[in-house]
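>>> Pasting the sequence and the predicted coordinates here, then a few questions.
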Amino acid sequence: MFKKVFDFVDTVVVTVNKTIAVGGMILGVLLAFVNVVLRYVFNDGLSWAGELTIYFFIWSALFGAAYGFKKGIHISVTILLHLFPVKAAKFFVIFASAFSCLFLLFMAYCSVRLLMLIKSFGEMSVDLWNIPLWIPMIVLPVSFAAAAFRAGEKVYEFANMPAKEILKSSEDELVHDSAVKE
């Protein structure tokens, strides 16, 4: 039962992360292109396009980073793991992932506090039809929470992985990275 719920949440988070990351990039590029054409060809432009383009790129980057935890594409220093016994190396990998998860949860919490502050000040977007500024900024707690979920998923994955496999996976990463460079 728990695995089914976890798999469902995993599927939802992956879908949301990928869709927003790719969609935000596509919409940001298209909107910027349209606005450039309007400005330089027709000597007119969309006053709100610059701000909305920035929000598209921010959403794309933050949700793309959250998706990066799923794929394991974030930078990690694993070369020192081979200096330790396999059980100690496993502990360090789990500790690093748990620390990342806690940090991302803290950032999600701080983002919620920031949104409450922005909302209490009544901040409004100047260019985007005077919408409340907290609406486009809701990306912060949502993306940090999604990234924390992914980091927590890595903690679970590493905790259930044999210690020798953790070192092997870091070796495979090094071999893959050196093969890509050649």
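Structure received.

>>> Which neighbouring elements make contact with the longest helix along the chain?
As assigned by DSSP state H, the longest helix anywhere in the chain is helix 2-41. If you count contacts as 3 or more CB pairs under 8 Å, 6 or more residues apart in numbering; DSSP states H and E, helix 2-41 packs onto helix 49-71, helix 139-159. In this view, the C-beta of every residue, glycine as well, is placed from N, C-alpha and C.

>>> For the first one, give the mean pLDDT please.
Per-region confidence: helix 49-71 scores 86 on mean pLDDT.

>>> Going by neighbour count, list what's buried in the helix or strand that that helix is followed by.
Using DSSP states H and E, the next helix or strand after helix 49-71 towards the C-terminus is helix 86-121. Neighbour-count burial for helix 86-121, counted by 16 or more other CB atoms under 10 Å, picks out 86, 89-90, 93-94, 96-98, 100-101, 104-105, 107-108, 111-112, 115, 118.

>>> what is the mean pLDDT for the longest helix of the chain?
So the average pLDDT for helix 2-41 ends up being 87.

>>> Between helix 139-159 and it, find me the angle.
Using axes from the mean of the first three to the mean of the last three CA atoms, to 10 degrees, the inter-axis angle of helix 2-41 relative to helix 139-159 is 140 degrees.

>>> tell me the angle helix 2-41 makes with helix 49-71.
Computed by the same axes, to 10 degrees, the angle separating helix 2-41 from helix 49-71 equals 150 degrees.

>>> sorry, back to before: can you check which of the helices and strands packed on helix 2-41 gets nearest to Trp129?
In terms of CB to CB, the element of the helices and strands packed on helix 2-41 nearest to Trp129 is helix 49-71, at 9.9 Å.

>>> ok, back up a step: list the buried residues of the longest helix of the chain.
The neighbour-count check on helix 2-41 (16+ other CB under 10 Å) flags 13-14, 16-17, 20-21, 24-25, 27-28, 31-32, 35 as buried.

>>> how much distance is there from stretch 39-54 to the middle of the chain?
28 Å (CA atoms, centre = their mean, to the nearest Å).

>>> ok, residues contacting it?
Gly28, Leu31, Ala32, Val34, Asn35, Leu38, Ser125, Val126, Asp127, Leu128, Trp129 (CB atoms under 8 Å, 6 or more residues apart in numbering).

>>> try 6 Å this time
With CB atoms under 6 Å, 6 or more residues apart in numbering as the test, stretch 39-54 has contacts from Gly28, Leu31, Ala32, Asn35, Leu38, Asp127, Leu128.

>>> give me the number of residues near Gly122?
Using other CB atoms under 10 Å, Gly122 has 9 neighbouring residues.

>>> Perfect, I'm done here.
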